[in-house]
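Asks: Here is the input, now give the coordinates:
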Amino acid sequence: MKNVLLVSATCAFLASGSAMANAESEHCNAPENERQPREALQKKLEAEGWQVKRIKAEDGCYEVYAFNQDGKRVEAYFDPKSLEMMKNKSDD
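Replies: Next up is the predicted model:
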């Protein structure tokens, strides 16, 4: 009985993690032919005062490692079609 509960709990945990990952990337599902180039995002961010270190594709989004206009280190995710920021983590 304990094994059944353990397996059930493990499956529920894994399913919830997968659902969270899908929720984060649901906005970054633009077809390849609708995506703007990474260079367009870099130019946009640099015009806003960011110092871009790296841009890579991650789960359909553009993942940016940079310093923002305030000089804070940032890891941010952008929609490749609209170049809209989806998620942002920064050092405080």
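
Asks: quick one: the helices in this protein?
Replies: 2-25, 38-47 (DSSP state H).

Asks: who's the residue minimising distance to the centre of the chain bridged to?
Replies: Closest residue to the average C-alpha location of the chain: Tyr77 at 3.5 Å, with Cα atoms, centre = their mean. Beta-bridge pairing for Tyr77 (DSSP bridges): Glu63, Lys87.

Asks: just for this protein, where's the confidence low?
Replies: Applying pLDDT under 70 to the chain flags the ranges 1-26, 92.

Asks: rerun at 50
Replies: Residues of the chain meeting the criterion pLDDT under 50: 4-7, 9-11, 13-14, 16-25.

Asks: what's near enough to touch the residue nearest to the centre of the chain?
Replies: Applying Cβ atoms under 8 Å, 6 or more residues apart in numbering to Tyr77 gives the contacts Glu24, Cys28, Glu58, Cys61, Tyr62, Glu63, Val64, Met85, Met86, Lys87, Asn88. From N, CA and C alone the C-beta is placed, and that goes for glycine too.

Asks: which one of the residues you listed is nearest Glu39?
Replies: Tyr62 (11.0 Å; Cβ to Cβ).

Asks: residues contacting the closest one?
Replies: Tyr62 is in contact with Arg38, Leu41, Ile55, Lys56, Tyr77, Phe78, Asp79, Pro80, Leu83, counting by Cβ under 8 Å, 6+ apart.

Asks: Can I get the buried ones among those as something I can paste into ChimeraX?
Replies: Entered in ChimeraX, the line below selects the buried ones among the contacts of Tyr62, by 16 or more other Cβ atoms under 10 Å:
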select :38,41,55,77,78,79,80,83
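
Asks: can I get the contacts of Tyr62 in JSON lines with distance to Glu48?
Replies: Listed next are those as JSON lines, based on distance: Cβ to Cβ, whole Å:
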{"residue": "Arg38", "distance to Glu48": "16"}
{"residue": "Leu41", "distance to Glu48": "11"}
{"residue": "Ile55", "distance to Glu48": "14"}
{"residue": "Lys56", "distance to Glu48": "20"}
{"residue": "Tyr77", "distance to Glu48": "16"}
{"residue": "Phe78", "distance to Glu48": "12"}
{"residue": "Asp79", "distance to Glu48": "16"}
{"residue": "Pro80", "distance to Glu48": "18"}
{"residue": "Leu83", "distance to Glu48": "11"}
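
Asks: Understood, closing this out.
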